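Participant: Here is a sequence with its predicted model. Questions after.
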Amino acid sequence: ACSSKYVLSQMHPMWQEPLAIPGGDRQSPIDIVIRKSVYDSELKPLVTDYDPQTCQQIWNNGYSFLVEYDDTTDKSTVKGGPLQDKYRLCQFHFHWGESNAWGSEHTVDRKLFSAELHLVHWNSDKYSLFEEAVMEENGLAVIGVFLKVGKRHEGLQKLVDALPAIRHKNSVVDFNRFDPACLLPSNTDDYWTYHGSLTTPPLTESVTWMVMKQHIEVSHDQLAVFRSLLFTAADEEVQKGMVNNFRVQQSQCGRTVRSSFS
Ligand SMILES: COCCCN1C=C(N)c2cc(S(N)(=O)=O)sc2S1(=O)=O
Ligand SMILES: [Zn+2]
């Protein structure tokens, strides 16, 4: 499917994906096949430097809920890892299922996790606006963290408590002083990295993915609050629960997934 000019992406229940993505040979998400990943000793540890004061708002965009950060300065950034430049945090969001049995976008040897966190950054060394970076090959860097249902995540609770206020699409509330570092696993030295795309429209192939090997744990009740969100706006007749907001896996198309650990 990758050799042809167009890659027919599998249809997705959540939204009508474009039938073909021009030149889509680096789409995301993918299944990370451990034995096919290549250890690269040149890969450095990731260096995140987040300022909780840059946290601005949390809103329901009809796909997920986003926690948005002030990205007008280099106050919350990631560098190192596979990255040549410094990237500014603009938002983080999640993908989850209607059941704990599935919900993540990436998988590891086909293993599904209950949810997946995406911390979205753009290359502020090369571009001056997110909108520019999102169209460029080395424009975005997204950290992916798997969520597993288990013990309650204390840091997540502040975010969970804000969700009832943004149940409907396009609702937004102020949200301040949230440190996204609390959502990272204790070990961020071990990750897989590959070149891919946004997993929701416009599906642009501008993302350096860094998927953490170590997952974080959240409680069943915390994830249940995610599922209380709605895809639909308050004025829509039929309300649809925001669940299964993940994209189906895409062909690897001969891409190499590198690991920072042997
Ligand atoms: C030009 O405007 C782009 C709109 C902003 N974004 C839209 C997404 N669908 C999106 C998906 C992302 S994901 N699931 O691949 O991390 S990051 C991201 S995003 O880049 O923050
Ligand atoms: Zn995402």
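Facilitator: Everything's here; your move. Ligands and ions are numbered 1, 2, ... in the order given.

Participant: When you work out contacts or count neighbours from here on, use the C-alpha atoms and nothing else.
Facilitator: Noted.

Participant: just the helices in the stretch 51-200 of the chain please.
Facilitator: 130-133, 157-162 (DSSP state H, counting those that start in this stretch).

Participant: quick one: buried residues of stretch 106-121?
Facilitator: Neighbour-count burial for stretch 106-121, counted by 16 or more other C-alpha atoms under 10 Å, picks out 106, 107, 112, 113, 114, 115, 116, 117, 118, 119, 120, 121.

Participant: among those, which are in reach of ligand 1?
Facilitator: 118, 120 (C-alpha under 6 Å from any ligand atom).

Participant: Can you pick out the most distant pair from the buried residues of stretch 106-121?
Facilitator: 112 and 121 (24.5 Å; C-alpha to C-alpha).

Participant: got the residues of the protein near ligand 1?
Facilitator: Counting by C-alpha under 6 Å from any ligand atom, the residues of the chain near ligand 1 are 118, 120, 131, 134, 198, 199, 200, 201.

Participant: Check the burial of the fifth one by counting its neighbours.
Facilitator: With neighbours defined by other C-alpha atoms under 10 Å, the count for residue 198 comes to 22.

Participant: which residues does it contact?
Facilitator: The neighbours of residue 198, taking C-alpha atoms under 8 Å, 6 or more residues apart in numbering as the test, are 27, 28, 204, 205, 206, 207.

Participant: which sections of the protein are below the confidence cut-off?
Facilitator: 1-23 (pLDDT under 70).

Participant: Grab the most central residue of it for me.
Facilitator: Centroid-nearest residue in the chain: residue 118, 2.3 Å away (criterion: C-alpha atoms, centre = their mean).

Participant: Would you agree that residue is in contact with residue 89?
Facilitator: No: applying C-alpha atoms under 8 Å as the test, residue 118 and residue 89 come out as separate, 10.7 Å apart.

Participant: quick one: contacts of stretch 252-262?
Facilitator: By C-alpha under 8 Å, 6+ apart, stretch 252-262 touches 1-2, 25-27, 30-32, 36-41, 43-45, 189-195.

Participant: As a markdown table, the helices of the stretch 51-200 of the chain with mean neighbour count would be great.
Facilitator: As requested, the helices of the stretch 51-200 of the chain are exported to a markdown table (neighbours: other C-alpha atoms under 10 Å):
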| stretch | mean neighbour count |
| --- | --- |
| helix 130-133 | 16 |
| helix 157-162 | 14 |
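
Participant: Could you point out which of these sits nearest residue 93?
Facilitator: When the helices of the stretch 51-200 of the chain are compared for distance to residue 93 using C-alpha to C-alpha, the nearest one is helix 157-162, at 10.9 Å.

Participant: which residue ranges form the strands in the stretch 51-200 of the chain?
Facilitator: 55-60, 65-69, 77-80, 87-96, 107-108, 115-123, 140-149, 172-174, 191-196 (DSSP state E, counting those that start in this stretch).

Participant: Now render those as a markdown table, adding distance to residue 223.
Facilitator: Compiled in a markdown table, the strands of the stretch 51-200 of the chain are given as follows (distance: least, C-alpha to C-alpha, whole Å):
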| stretch | distance to residue 223 |
| --- | --- |
| strand 55-60 | 16 |
| strand 65-69 | 13 |
| strand 77-80 | 27 |
| strand 87-96 | 8 |
| strand 107-108 | 19 |
| strand 115-123 | 8 |
| strand 140-149 | 8 |
| strand 172-174 | 20 |
| strand 191-196 | 24 |
